[in-house]
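1. give me coordinates for this.
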Amino acid sequence: YTLTQHVNSVGTCFTITSSHILLDCKGYTINYSTSVLETGYCIFNDDKDNITIQNCRIEEGNTTVDSKYGIFFRANNNLVERITIWNNTFLTIGNSGYAMYLLGVRYANISTNTIDTYGDQGYGIKMGAYFSLTPAHNRIVGNSMLLRVRPSGINIGDTNNITIEENRINSSGSDVAGVL
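-> Residues are numbered from 1 along each chain as shown. Here you go, the predicted model:
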C-alpha cells in the first residue's frame, strides 16, 4: 500500500488485517487521534506477521486524551514476527504517548526513525512480553530521539536477545530514562 496524500482520523487510522503488508507513506503525514474525546492508534496490528512501515510522518493529533500510540503491534495468540519499521518520523504530544509500542514481537528491525516526544511520560520505543509471549531477536539501530518531560527513550522490558546500537537519544526534560 502506498499513500498518495495526507491522512487524518479522529481515532485509529489503519488497522492491519492480514500478514505480508508493506505501507509506504512516501513522506505523507498520518495524523491520528485528532478527537478531543477519543484515544487512538496511527497503525494497529493484532497478530499479523511480515509487516513493513516506511517513509511515514506519524503525528498525534491532540493533547487532551492520554495514552495514544503511533504504532501498536500486539501478539494475542502467537508471537508477531518479521516486522520492519524504518525511516519514519514520529511526533507524540499527549501524556503517556507512545511512538512505538510492541508487545510479543520477534525478529523486528526498528531503524533510522526520528522520534520527538512532548507529553509528560512520553515513550519512544517500548517492547515487552504479552502474557507468556516473550519477544526476542529484535534490532533497534540508528534511531534519533528528542525526549521531553519525564520520558523513556527505549524501554525493552521482558525481552531476550536484543540488539540496541547507534541510537542517538537527546533530552530537554528531567527524569529521563534513555534505555530501560
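
2. what helix or strand does the nearest residue to Tyr1 once chain neighbours are set aside sit in?
-> Computed as CB to CB, 6 or more residues apart in numbering, the closest residue to Tyr1 that is not its neighbour in sequence is Leu23, at 5.1 Å. Backbone N, C-alpha and C define where each C-beta goes, glycine included. Counting by DSSP states H and E, the element that carries Leu23 is strand 21-24.

3. rewinding a little: state the distance from the residue nearest to Tyr1 to Ala108.
-> Distance check for Leu23 against Ala108: by CB to CB, to the nearest Å, it reads 15 Å.

4. compare the two (neighbour count), which wins?
-> Ala108 (25 against 19; other CB atoms under 10 Å).

5. okay, and the beta partners of the residue most central in space within the chain?
-> Nearest to the mean C-alpha position of the chain, by CA atoms, centre = their mean, lies Met100 at 1.5 Å. Each beta-bridge partner of Met100 is listed here: Ile71, Ile125, as defined by DSSP bridges.

6. wait, what's in contact with it?
-> 69-72, 85, 90, 110, 113, 115, 123-126 (CB atoms under 8 Å, 6 or more residues apart in numbering).

7. in CSV: those, plus pLDDT.
-> Listed next are these as CSV, based on pLDDT from 0 to 100:
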residue, pLDDT
Tyr69, 94
Gly70, 96
Ile71, 98
Phe72, 97
Ile85, 98
Phe90, 97
Ile110, 98
Asn113, 98
Ile115, 97
Tyr123, 90
Gly124, 94
Ile125, 96
Lys126, 94
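
8. tell me the one of these nearest Ser96?
-> Nearest to Ser96 among the contacts of Met100: Tyr123, at 7.6 Å, using CB to CB.

9. how far away is the closest one from Thr17?
-> Summarising the geometry, the distance separating Tyr123 from Thr17, computed by CB to CB, is 26 Å.
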